[in-house]
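Student: What follows is a predicted protein model with its sequence.
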Protein chains: 2
Amino acid sequence: MAQDVPFGKPRAERADAARNREHLLRTAREMIAEHGTEKVTMDALAERSGLGKGTVFRRFGTRAGIFTALLDEDERRFQQRVLSGPPPLGPGAPPRDRIIAYGRARMSYLYEHHVIARATLHGARPVPMGGASITHPHLRMLLARTDLPAAILDALVLQLTAALEGPTFLYVSAGENADSPTPAEIEALSTAWHLLIDSLLPPP
Amino acid sequence: MAQDVPFGKPRAERADAARNREHLLRTAREMIAEHGTEKVTMDALAERSGLGKGTVFRRFGTRAGIFTALLDEDERRFQQRVLSGPPPLGPGAPPRDRIIAYGRARMSYLYEHHVIARATLHGARPVPMGGASITHPHLRMLLARTDLPAAILDALVLQLTAALEGPTFLYVSAGENADSPTPAEIEALSTAWHLLIDSLLPPP
DNA sequence: GGGCTAAGCGGACGTTACCCCGCTTAGCGT
DNA sequence: ACGCTAAGCGGGGTAACGTCCGCTTAGCCC
C-alpha cells in the first residue's frame, strides 16, 4: 500500500491555488475591517493581493462568492454545534425544543455576521434560500418528526425559514434606521419565534 | 374662483414628462413580453423608446424603479380590494379572518406578478421590506387588534411578513427548478399560512 | 402673445462586475 | 529526472448601472 492522497477522483486543489485562496480571503477581511464591504471591489481586491482579476473570479465566481466563502468558515462551526453539540440545540432534545433553540442560536449568529451576510446578497440572481445554510434542511428534518400534516410540510418549512432568516438576513431592520438591527430587536425576534413555535407545536 | 388644477402645491407633472413616462412603461412591458426582464436594460429601454438615458433615470431612479412602477399599477388595485372591498379581505370581518384571507389573496397576487416582482429586487441596496406593498402595515394593524403581547408585536409582524412574502417573492421555489412556483405550491403555501394563523390566533 | 424660470431632457462619462483567451506552471506518469 | 497536460493565472475587453451638466421647452404671469 502506497501513500494515498485524500481524494482520488477530483484532482485536488493545487497548492498555489490554495495559498492564493487563503491570501485573498485574508485580504478581503482586512479590507472589510478597514473600509467596510462596499469598498471590496474585485479590482481592488486583486490589486491589493498582488494577483490578477481573473484569478479572483476563478476562485469565487462572483463578488457575492467572496462573502459566501468568508461566511462559510463560521457557518461550518455553527453547523457543528447544531449537528453534534449538546442539546437542546444539538441532538437529544424533542423537536419542539430543538426548533426553539435553533431559532435563538441562528438569530444571534445572523446578527453577529449580518454585515457579511448582507453582502452575500449583492448580486441578484440565485437568491440564496439560506444559501449554504442549514436552516432549511434542519427545520425540515425536525418538523418531519412532529405530527404536522405531511401535505403542507414543505410549504410550512419554507415559511418558517423565511420568518427566521428574513428579518435579520434580508430586511435587516424594520425601523427607519435601515442599518443594523439592535440587540433589543434580536431579542424581540427570538421571543416572537418562541411564541410562534409554541403556538404551532403546543407543549404536551 | 378660476379653474383649479388637481394639485396646488407641487408644480404637478409636466405634460411631456407624463407622456414619456407612459411611453417608457409601455415599451418596458413590450420588452418584457418579448425577451423577459433580463433584457430590459436602461440603455436598451432608452434607445427603443427613442429617448435619452438620462430621461429614463430621472423618471425611475434605478433599474428596479422601472419594475416597481410597473407593479404599482396593479398594486394599487390590490390595495383597494384590501382597504375597501368586501369582507373578509376588506373591513368588517374579525382580524383573524382578515389575516387569513389576506394571506391567500397576497399569495396569488405575488404569484401572478412574480416575474416582475422578482425583478424589483435587482440591485441590492435598500432591500424592499415588501417594498411599497401594504403587507407589513396591514398585518401590523390587524395584529394590533388581537390580544397578542404588545412587546413583541413588531417582531412578530416582521416574521409573518417574511413568511408570507418570502417564499414567493424572494426564493420563488423550494424545488430544484429555481424558476416559477407552481399553482400547487401556491396552494400549499396558502394552506400552511392558514394553519400558522390558526395556531397563533385560535378560533373562539 | 411674450418672456421667465424651473423642470425636463440628452448623451458623454466613470465605475464596476464579469468574460475571454493565450501564457505559465504544478503535479503526475514513466 | 523530464516531459505532458490540465489547472491556474493575468489583464485587457465588454456591458450595464448610475452621474453630471449644459441645452431645451412647458407652463405660468403679465
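Tutor: Arrived safely, thanks for sending.
Student: Quick check: which ranges of chain A have low pLDDT?
Tutor: Chain A contains residues with pLDDT under 70 at A:1-11, A:123-132, A:170-179.
Student: nearest residue to the most centrally placed residue in it other than its sequence neighbours?
Tutor: With distances taken as CA atoms, centre = their mean, the residue of chain A nearest its centroid is A:S133 (4.4 Å). Spatial nearest neighbour of A:S133, chain neighbours left out: A:E75 (6.5 Å); criterion: CB to CB, 6 or more residues apart in numbering or on different chains. C-beta coordinates here come from the backbone N, C-alpha and C atoms, glycine included.
Student: Kindly report the same for A:P87.
Tutor: Excluding its sequence neighbours, the residue lying closest to A:P87 (CB to CB, 6+ apart) is A:A93, at 3.9 Å.
Student: quick check, the residue nearest to A:S133 in a helix?
Tutor: Yes: with DSSP: H, G, I helix; E, B strand; the rest coil as the criterion, A:E75 is part of a helix.
Student: ok, the residue nearest to the centre of chain A touching A:T120?
Tutor: No: under the criterion of CB atoms under 8 Å, A:S133 makes no contact with A:T120, lying 10.2 Å away.
Student: what residues does the helix or strand containing A:R26 touch?
Tutor: Assessed by DSSP states H and E, A:R26 sits inside helix A:15-35. For helix A:15-35, the surrounding residues in contact (CB atoms under 8 Å, 6 or more residues apart in numbering or on different chains) are A:13, A:39-40, A:44-45, A:48-49, A:51, A:55-56, A:59-60, A:66, A:69-70, A:115-116.
Student: Could you list which of those also contact DNA strand D?
Tutor: For DNA strand D, the contacts drawn from the contacts of helix A:15-35 by CB under 7 Å from any atom of the strand are A:13, A:51, A:55, A:59.
Student: Of the residues you listed, which pair is most distant in space?
Tutor: A:E13 and A:L51 (15.9 Å; CB to CB).
Student: Those two - which one has more neighbours?
Tutor: A:L51 (16 against 11; other CB atoms under 10 Å in any protein chain shown).
Student: Would you list the phi and psi of the more buried one?
Tutor: phi -120, psi 170 (degrees, to the nearest 10).
Student: now the nearest residue to it once chain neighbours are set aside: how far from A:T37?
Tutor: The spatially closest residue to A:L51, leaving aside those adjacent along the chain, is A:N20, at 6.2 Å (CB to CB, 6+ apart). Distance of A:N20 to A:T37, given as CB to CB, to the nearest Å: 21 Å.
Student: Equivalent analysis for A:L148, please.
Tutor: For A:L148, the distance to A:T37 (CB to CB) stands at 39 Å.
Student: roughly how far apart are the residue of chain A found nearest DNA strand D and A:F60?
Tutor: The minimum distance from chain A to DNA strand D, using CB to the nearest atom of the strand, falls at A:G54 (2.0 Å). From A:G54 across to A:F60, the span is 12 Å (CB to CB).
Student: Compare neighbour counts for the two and give me the winner.
Tutor: Taking other CB under 10 Å, A:G54 and A:F60 do not tie; A:F60 has more neighbours (21 against 10).
Student: so the more buried one touches A:A69, yeah?
Tutor: Yes: with contact defined as CB under 8 Å, A:F60 reaches A:A69; the gap is 6.1 Å.
Student: How far off centre is stretch A:137-154?
Tutor: In this view, stretch A:137-154 has its centroid 21 Å away from the chain centroid, taken as CA atoms, centre = their mean, to the nearest Å.
Student: At the contact with DNA strand D, which residues of chain A appear?
Tutor: Residues of chain A lying close to DNA strand D (CB under 7 Å from any atom of the strand) are A:11, A:13-14, A:16-17, A:19-20, A:51-55, A:57-59.
Student: Kindly recompute the last result at 6 Å.
Tutor: A:11, A:13-14, A:16-17, A:20, A:51-55, A:58 (CB under 6 Å from any atom of the strand).
Student: Greatest separation within those residues: which pair is it?
Tutor: A:R11 and A:K53 (24.2 Å).
Student: more crowded one of the two?
Tutor: Per other CB under 10 Å, whichever of A:R11 and A:K53 has more neighbours is A:K53, with 12 against 8.
Student: who are the neighbours in contact with the more buried one?
Tutor: Here A:K53 is in contact with A:42-43, A:46 (CB under 8 Å, 6+ apart).
Student: on that earlier part again, just the buried ones from the contacts of helix A:15-35?
Tutor: A:40, A:45, A:49, A:51, A:56, A:59-60, A:66, A:69-70, A:116 (16 or more other CB atoms under 10 Å in any protein chain shown).
Student: could I get those as CSV with secondary structure?
Tutor: Converted to CSV, the buried ones among the contacts of helix A:15-35 look like this (three-state DSSP):
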residue, secondary structure
A:V40, coil
A:L45, helix
A:S49, helix
A:L51, coil
A:V56, helix
A:R59, helix
A:F60, helix
A:I66, helix
A:A69, helix
A:L70, helix
A:I116, helix
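Student: still on that earlier bit, with respect to A:L139, which of the contacts of A:K53 is nearest?
Tutor: A:M42 (34.4 Å).
Student: Just give the nearest non-adjacent residue to the closest one, would you?
Tutor: Nearest non-adjacent residue to A:M42, counting by CB to CB, 6+ apart: A:V56, 5.5 Å away.
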